[in-house]
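Visitor: Requesting a structural model of the entry that follows:
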Amino acid sequence: MTRRTEPLTDAQWDQQVRARLVACVPDLVPGSPAVGAITLLADDVWIVELAHGGRLIAKHQFYGLHTRDEPHDLLKVEFDALRYLRPHGCAVPVAFGIDPSAQIILLEFAGRRTLADVLATPAEAPTRRRLAGRVLRELNHIETQVGITEADWAARVVPGASVEDLAASWSSVTAMAVDGLQRLWQENCASEPPESLVNQVGNLCAELGGRSPRLGVTDYQPANIVVDDDGERVTFLELSKLGWDWTERRAVQYTSSVGDSGVSLLRADVVASSPLDGGALDGHHILFQLLLVRRVLSTASGDTAGLLRALVTPLSRDPVALELRRGLQPLTSR
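Guide: Have a look, this model is predicted:
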């Protein structure tokens, strides 16, 4: 069953998936439960209510057929990764089974609310700190477990996510971050930023780029972490594409809004108590905000006030990050 080779309407595709789920869920889920209601949760993701009262998630791997039987087979990599990580105490959903012909994976239902929802709505500071701390610890634990059998997973890295690919893509970050800085300075001061500040951004990029990356997920964004109704448990999703990157970069982007608000779950006390490198977290946070500034100002798609507040708020005592953030302080008095 594939959506790409048949001229189906959305309604026909949805109907086809529902019929397939009715057939495959009893075969893949322990106890052979019958299927009750099926509700579309997001694009290619459904909540399946089971006759005995439980529920699960069915996800269609849209691009899966293009990688079928390859080492980086998206459906099999996600299933195998979840089956490996869950027994090792990692914050990932239970994987019940896969239907390769339909490119469907059946997962534990972990909740409807994502970290993106948390970032977009008011929440008490203790709740945000608790969630941030959990995300940093659980992310570190996942990558530690992947590292134990790194050779096995390295053979299944998705194309474009090798160490060499990371280095090549990172080489463009300096120019983009400097461009964001220049646009922000022009916006607020109608002039060019001090050369010393431009050099600090370049040096920060070089320092972070020289750190050793770790093998892990490549799709790190707040929407890919589910938070339970009590705000206690976090569950990492989308483990189908593995690759090399820096843990701190992933952590920053998991916990930060991708809009113009500058909202992040990270605070100095959370960073100080986490197992990750505080200076690297702080540095990646600065660069991510500058990249968001660049996007906002180049597309005239928002306001930079929130991003500026985030840029001048320290997350660690790292001297490089502190000096750079102090250099941005003049922008706040305009």
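Visitor: which residues does the residue nearest the centre of the chain contact?
Guide: In the chain, the centroid-proximal residue (C-alpha atoms, centre = their mean) is Y220; its distance is 1.7 Å. Applying C-beta atoms under 8 Å, 6 or more residues apart in numbering to Y220 gives the contacts 245, 249-250, 253-254. All C-beta atoms are positioned from the backbone trio N, CA, C, and that covers glycine.
Visitor: Wait, Y63 touches L75, no?
Guide: No: if you go by C-beta atoms under 8 Å, Y63 and L75 don't touch, sitting 9.8 Å apart.
Visitor: More neighbours: the two, which one.
Guide: L75 (23 against 12; other C-beta atoms under 10 Å).
Visitor: is it true that the residue nearest to the centre of the chain lies in a strand?
Guide: No: going by DSSP: H, G, I helix; E, B strand; the rest coil, the assignment for Y220 is coil, not a strand.
Visitor: Give me the spatial nearest neighbour of it, chain neighbours excluded.
Guide: Distances taken as C-beta to C-beta, 6 or more residues apart in numbering place R250 nearest to Y220, at 4.2 Å, with adjacent residues excluded.
Visitor: ok, that neighbour - contacts?
Guide: For R250, the contacting residues are 139, 216-217, 220, by C-beta under 8 Å, 6+ apart.
Visitor: Same list (those) but as CSV, adding distance to E49, secondary structure and pLDDT.
Guide: Putting these into CSV (distance: C-beta to C-beta, whole Å; DSSP: H, G, I helix; E, B strand; the rest coil; pLDDT from 0 to 100) gives the following:
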residue, distance to E49, secondary structure, pLDDT
L139, 31, helix, 98
G216, 33, strand, 98
V217, 29, strand, 97
Y220, 30, coil, 96
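Visitor: now, among those residues, which is nearest to L56?
Guide: V217 (21.5 Å; C-beta to C-beta).
Visitor: number of nearby residues for the closest one?
Guide: Neighbour count for V217, taken as other C-beta under 10 Å: 23.
Visitor: now A161
Guide: Residue neighbour count, defined by other C-beta under 10 Å, stands at 20 for A161.
Visitor: for the stretch 1-150 of the chain, what spans make up the strands?
Guide: Listed in chain order, the strands of the stretch 1-150 of the chain (DSSP state E, counting those that start in this stretch) span 35-42, 45-50, 55-60, 95-99, 104-108, 113-114.
Visitor: the domain parsing of the protein - what is it?
Guide: With automatic domain parsing as the criterion, the domains of the chain are listed as 10-108, 113-333.
Visitor: could you give the mean pLDDT of stretch 240-251?
Guide: Across stretch 240-251, pLDDT averages out at 98.
Visitor: residues in contact with P194?
Guide: Residues in contact with P194 (C-beta under 8 Å, 6+ apart) are G327.
Visitor: mind checking how far it is from R326?
Guide: Here the distance between P194 and R326 works out to 12 Å (C-beta to C-beta, to the nearest Å).
Visitor: Give the full set of residues in contact with the closest residue to G278 other than its chain neighbours.
Guide: Distances taken as C-beta to C-beta, 6+ apart place S316 nearest to G278, at 3.7 Å, with adjacent residues excluded. Applying C-beta under 8 Å, 6+ apart, we find S316 in contact with 268, 271-272, 278-279, 281-282, 322.
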